[in-house]
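*Asks:* give me a model of this one.
(one chain, ligands or ions: 2)
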Amino acid sequence: MLVTLEGLDGSGKTTVWEALRATRDDGWTFTREPTGSWYGDAVRRSIGEPDADPLAELFLYTADHADHLSRTVRPALADGDVVVSDRYSDSRYAYQAASLDGELKRPMEYIRGVHQPFTREPDVTLYFDVPPETGAARAGATNKFEQTKFLSEVQANYEELISMRPGRFVRIDATRPPEDVLDRVEDVLGRVLGDD
Ligand SMILES: Nc1ncnc2c1ncn2[C@@H]1O[C@H](COP(=O)(O)OP(=O)(O)OP(=O)(O)O)[C@@H](O)[C@H]1O
Ligand SMILES: Cc1cn([C@H]2C[C@H](O)[C@@H](COP(=O)(O)O)O2)c(=O)[nH]c1=O
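*Replies:* Residues are numbered from 1 along each chain as shown. Ligands and ions are numbered 1, 2, ... in the order given. As a prediction, the model looks like this:
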């Protein structure tokens, strides 16, 4: 089963991912995008570039995803592991659709179309829901993505994705204290894995 954690910068995904990882052992693979590979290094370099070309940036993230799929996600799923990824393809559909708004016609449709032939859709996606102001403040507003205005566009894109796949997304109220957020995530995982 492939479980992904999605949401705005500062929504608390990594906090939960680390807490889950600390209490699980065999049968679980914890992974993330951007990855730790050299493709991920290229992505992180681009995040730090305010003037990076948004289309070039989309393809850096997508290259990292292709490598992540073939080297980590697909092998772990083939071994029967539960794979938990902190960010995955929906981050591209939400963030790069925002950064390419005005550059391409229907950017989300374009980005989903690029992924469709090779990606593996998640089974369950936990959406960490916070207002853009909260996300930007928690993240520290240190780069071009961690800005309230940009995150408002990203949030609208996530809402569109949720309305397209209501059965896959589970909304988590991530404005709650960290312990409550983790409890809710554990409940959801217990339910979906129990049903598996
Ligand atoms: N539920 C919460 N309430 C208040 N603060 C939180 C909560 N969860 C996480 N934080 C704090 O918010 C900051 C961002 O958290 P975290 O790194 O987990 O978010 P993230 O969604 O992974 O962000 P990014 O996508 O930018 O990496 C951290 O300082 C963390 O301690
Ligand atoms: C995978 C992915 C990420 N992003 C953005 C979101 C964040 O601002 C940064 C890095 O992610 P992290 O969770 O803070 O480590 O990159 C993106 O725009 N598109 C993506 O596909």
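*Asks:* low-confidence ranges, the protein, go.
*Replies:* Scanning the chain for pLDDT under 70 picks out 195-196.
*Asks:* check whether stretch 28-35 contacts ligand 1.
*Replies:* No. Judged by Cβ under 6 Å from any ligand atom, stretch 28-35 stays clear of ligand 1, getting no closer than 9.1 Å. The way it works is simple: take the backbone N, C-alpha and C, and place the C-beta from them, glycine included.
*Asks:* now the element after the helix or strand that contains residue 75, going C-ward?
*Replies:* Using DSSP states H and E, residue 75 maps to helix 74-78. Next helix or strand after helix 74-78 toward the C-terminus (DSSP H and E): strand 82-86.
*Asks:* tell me what the helix or strand just after that next one is packed against?
*Replies:* Counting by DSSP H and E, the element after strand 82-86 in chain order, helix or strand, is helix 89-91. Applying 3 or more Cβ pairs under 8 Å, 6 or more residues apart in numbering; DSSP states H and E, one finds that helix 89-91 contacts strand 2-7.
*Asks:* now the strand it packs on and strand 82-86, what's the angle there?
*Replies:* 20 degrees (axes from the mean of the first three to the mean of the last three Cα atoms, to 10 degrees).
*Asks:* kind regards, and thank you for your time.
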